[in-house]
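Enquirer: structural data only, the sequence is not supplied:
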């Protein structure tokens, strides 16, 4: 069976959707893998699927063949915001695979980029550019074979969870499960972190509109200057004013992104290394204790 792929930009609700879908008794969606290793051999769909299975076993100690053997009707898939970077490879999965694209208001995504300090978008201009570019790539991919795709909005998922999940289940050929509606009460395949903490709670409409109080008026104007047409195309009304950006603005945005973005990336990388070392030390302690 071909996998289901969940796509969207970073901070667009892909993790929430994965959490909800995986609460279904016969759906398993892996929440991110080391994609460069997954797609190291992309000579065929089978090679990619083997890459997914291999990384799934390495990173999550999950034997997908065993899971499918135990539950033949299991629908499985992969979610990762970086899948957009591999559209050329994923095109080979059409029309066998199904794809779900989830989009979130670009102003909310940009605000989240700026708050989470990942180097993705350190300011409104570059955050909006990144969102616009990736969403346009996803929509162009969807246009190639619309019947293989389901397009949903994060705000609609938050506003009417049951209605949107019914659409998803119909698309996937599964019955809606009450466990999906009560996903926050189900066990999760991934650990709770600062970035995904809201996926362990009931939907909160306030989160979808947080950007209105966090972004300044100028920042909102900047996002709409960059991506206003796409926002309107997707049903998001403009709330700011039209502006013209000077060369000084553009100069500032460019170097802010280069300098602050690199600092953020280096910090995240070092933090990841520290956490990995701490994890290995803890594991060594446990192994030594068990040996004694």
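Expert: Noted; the coordinates are in hand. Being a predicted model, the structure only gives us computed values, none of them experimental.
Enquirer: buried stuff in the helix or strand residue 135 falls within?
Expert: Assigned by DSSP states H and E, residue 135 falls within helix 124-144. By neighbour count on 16 or more other CB atoms under 10 Å, the buried set for helix 124-144 is 124-132, 134-135, 138-139, 141-142. C-beta here means a position set from N, CA and C on the backbone, and glycine is covered the same way.
Enquirer: give me the contact list for the following helix or strand past it.
Expert: Using DSSP H and E, the next helix or strand after helix 124-144 towards the C-terminus is strand 149-153. Residues from elsewhere that reach strand 149-153 (CB atoms under 8 Å, 6 or more residues apart in numbering): 17, 98-104, 141-142, 164, 167-168, 171, 234-235.
Enquirer: and which of those is nearest residue 66?
Expert: Nearest to residue 66 out of those is residue 98 (CB to CB; 23.2 Å).
Enquirer: from the contacts of strand 149-153, which land in helices?
Expert: Judged by DSSP state H, the subset of those located in helices is 17, 141, 142, 164, 167, 168, 171.
Enquirer: quick one: which two of those residues are the most distant?
Expert: The span of the ones in helices among the contacts of strand 149-153, defined through CB to CB, is set by 141 and 164 at 21.0 Å.
Enquirer: and residue 209, what is it in contact with?
Expert: Residue 209 makes contact with residue 108, according to CB under 8 Å, 6+ apart.
Enquirer: so which residues of the stretch 151-292 of the chain form helices?
Expert: In the stretch 151-292 of the chain, the helices defined using DSSP state H, counting those that start in this stretch lie at 154-159, 161-172, 178-181, 205-208, 211-214, 217-233, 247-291.
Enquirer: where does pLDDT dip in this protein?
Expert: 117-119, 186-201, 261-292 (pLDDT under 70).
Enquirer: pull out the buried residues from the contacts of strand 149-153.
Expert: By neighbour count, with 16+ other CB under 10 Å, the contacts of strand 149-153 hold 17, 98-104, 141-142, 164, 167-168, 171, 234 as buried.
Enquirer: out of those, which comes closest to residue 62?
Expert: Looking across the buried ones among the contacts of strand 149-153 and measuring by CB to CB, the closest to residue 62 is residue 17, at 19.4 Å.
Enquirer: list the contacts of the residue lying closest to the closest one once chain neighbours are set aside.
Expert: Once flanking residues are discounted, residue 17 sits nearest to residue 102: 5.5 Å by CB to CB, 6 or more residues apart in numbering. Applying CB under 8 Å, 6+ apart, we find residue 102 in contact with 6, 7, 8, 12, 13, 14, 17, 152, 153, 154, 157.
Enquirer: tell me the contacts of the last one?
Expert: The reference is to residue 157. If you count contacts by CB under 8 Å, 6+ apart, then residue 157 has 13, 16, 17, 102, 164, 165, 203 around it.
Enquirer: could I get these as TSV with distance to residue 92?
Expert: Listed next are the contacts of residue 157 as TSV, based on distance: CB to CB, whole Å:
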residue	distance to residue 92
13	26
16	28
17	24
102	22
164	29
165	29
203	35
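Enquirer: residue 150 pairs with what?
Expert: residue 100 (DSSP bridges).
Enquirer: for residue 180, see how far away it is.
Expert: As judged by CB to CB, to the nearest Å, residue 150 and residue 180 stand 15 Å apart.
Enquirer: those two: which has the busier surroundings?
Expert: Between residue 150 and residue 180, counting by other CB atoms under 10 Å, residue 180 is the more crowded of the two (23 against 20).
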